[in-house]
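K.L.:
below: sequence and its predicted model.
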Amino acid sequence: MRGKRAIIPALLFWFSTLLPVDAGLARYRELVVADPPGVRPSLGIRVTYLGTSGYRFETGKHTLLVDPYFSRVGLGAFLFRWPIAPNIAEIENAADFFANAELILDTHGHVDHLFDVPAIMQMTGARLLASRTSVELATAAGASPARCRAVAPADVRQIGPWKIRVLPATHDRVFPIGIPFPGPRQGTGPPSRASDWVCGEPLAFLIEAAGKRIYLDSGGSPTQLPPNDLGPVDLAILGVALPDARARYAETVRRLRPRFVLPSHQDDFFRPLERGFAFGHDRFSTHPARRRARRTSRPSHPARLFSALDAAVKCPCRTVEFFSASNRLRNCKITKWLRSLKLFASPIDTFASPRSRITHTP
């Protein structure tokens, strides 16, 4: 009992690092740069941000999801171990974004990554590639075992147009408890509380399709970096929620040598989707290059940069930089860049960030 009580202050600290400092919020639908209804990309890959660490990738008639999460379990359920269940109404409201999903990748077993996957699999018939622990959790929560495949680092799977290379990863540590809900899983029954959705074995992925290469992780620590020979990639989607992930960011970018970088997992995942996305400030950066960037690259509304760039601003790649200003994505330079970028389909439908623009770092 004492151990359970001791974990609550640590979790409060963890969640305080994830919550936004300045909410400058817009409605969820206002973040869309919309394609005409029913239009699918004929060339390249379309990337759609779904919130938290979730993404949709489309090429031709094929759709892949990573870490889709729409239920948005409240903070109290994490802290006080209240029973939780997927918010089917919220998942159904988002059905347009995953109706044609054929494959789901999961980076680890925490609620904000895996919780909605069994329900989405039941709605779509999609298959799941995930770690052994995540597969156990998903099947215990109702996913069909026949459509779940456990994978491990070094595995390669070809499913439709998607070539998936599985890579080792770690989860960010939280002072003073280390990795939240690390596992192993306790019992065999359905997971009923946030603490039942244990991390398990974190994974990263290299996704290849339509001649493009996309690296994705949900964060990690400096002890685990991508292989030196993995790059170059067209797009690197890197989790930046906690200090561990930000500490590894620069070296990760150097190794991947991406054309574009998209910092991820910065959305307040306790906030219901109908209230819109909320992104916080990076409160930990003091790098001189970042201070210069604040002076020379400000959006129309003064705001501090949000991203984990620091030393990574020296890397020879285009970088997505996040702002908490009130300008919308359709008014930002990112829209022009993405529409002209061969990696993506044009016109583009993206939730890449409601507060963003792309700058070139020579």
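P.N.:
The structure has been received and is ready for your questions. Residues are numbered from 1 along each chain as shown.
K.L.:
backbone dihedrals for the closest residue to residue 221 other than its chain neighbours, please?
P.N.:
Of all residues not flanking residue 221 in the chain, residue 244 sits nearest, at 4.2 Å (CB to CB, 6 or more residues apart in numbering). From N, CA and C alone the C-beta is placed, and that goes for glycine too. Here is the backbone geometry of residue 244 (degrees, to the nearest 10): phi -60, psi -50.
K.L.:
right, and residue 244 touches residue 217 too?
P.N.:
No: judged on CB atoms under 8 Å, residue 244 makes no contact with residue 217 at a distance of 11.9 Å.
K.L.:
between those two, who's got more neighbours?
P.N.:
Legend: neighbour count by other CB atoms under 10 Å for residue 244 and residue 217, higher for residue 217 (27 against 22).
K.L.:
would you check that the more buried one makes contact with residue 239?
P.N.:
Yes: using CB under 8 Å, residue 217 is in contact with residue 239, at 5.7 Å.
K.L.:
show me where the stretch 1-150 of the chain has strands.
P.N.:
46-51, 54-59, 62-66, 101-105, 127-130, 148-150 (DSSP state E, counting those that start in this stretch).
K.L.:
for the third one, name the packing helices and strands.
P.N.:
Under the contact definition 3 or more CB pairs under 8 Å, 6 or more residues apart in numbering; DSSP states H and E, strand 62-66 sits against strand 54-59, strand 101-105, strand 203-209.
K.L.:
buried ones in that strand?
P.N.:
Buried residues in strand 62-66, defined by neighbour count with 16 or more other CB atoms under 10 Å: 62, 63, 64, 65, 66.
K.L.:
right, and the second one touches residue 55 too?
P.N.:
No: taking CB under 8 Å as the contact criterion, residue 63 and residue 55 are not neighbours in contact, 10.9 Å apart.
K.L.:
am I right that residue 251 falls within a helix?
P.N.:
Yes: counting by DSSP: H, G, I helix; E, B strand; the rest coil, residue 251 is found in a helix.
K.L.:
need the contact list for the nearest residue to it once chain neighbours are set aside.
P.N.:
In this structure, residue 251 finds its nearest non-sequential neighbour in residue 225, 5.8 Å apart by CB to CB, 6+ apart. With contact set as CB atoms under 8 Å, 6 or more residues apart in numbering, residue 225 has these partners: 248, 251, 252, 255.
K.L.:
secondary structure element holding residue 225?
P.N.:
Taking DSSP states H and E as the definition, one finds residue 225 inside no helix or strand.
K.L.:
ok, now how distant is it from residue 217?
P.N.:
10 Å (CB to CB, to the nearest Å).
K.L.:
just give me the neighbour total for residue 53.
P.N.:
27.
K.L.:
my read: it touches residue 65, true?
P.N.:
No: with contact defined as CB under 8 Å, residue 53 and residue 65 do not form a contacting pair (11.3 Å).
K.L.:
name the helix or strand of this structure that has the lowest mean pLDDT.
P.N.:
strand 305-306 (a mean of 26; mean pLDDT, DSSP states H and E).
K.L.:
what is the neighbour count of the nearest residue to residue 119 once chain neighbours are set aside?
P.N.:
Spatial nearest neighbour of residue 119, excluding adjacent residues (CB to CB, 6+ apart): residue 86 at 4.8 Å. As a burial measure, residue 86 scores 20 neighbours (other CB under 10 Å).
K.L.:
for residue 86, give me its contacts.
P.N.:
Contacts of residue 86 (CB under 8 Å, 6+ apart): 71, 115, 116, 118, 119.
K.L.:
the fourth one against residue 145, yeah?
P.N.:
No: if you go by CB under 8 Å, residue 118 and residue 145 don't touch, sitting 11.2 Å apart.
K.L.:
residue 153 against residue 166, yeah?
P.N.:
Yes: at 5.6 Å, residue 153 and residue 166 qualify as touching, with contact defined as CB under 8 Å.
K.L.:
pick out the most distant pair among the contacts of residue 86.
P.N.:
71 and 118 (11.4 Å; CB to CB).
K.L.:
start and end of stretch 124-137, how far apart?
P.N.:
19 Å (CA to CA, to the nearest Å).
K.L.:
average pLDDT across it?
P.N.:
Averaged across stretch 124-137, pLDDT comes to 98.
K.L.:
how about stretch 198-216?
P.N.:
96.
K.L.:
same question for stretch 117-137: list its buried residues.
P.N.:
117-121, 123-124, 126-131, 133-137.
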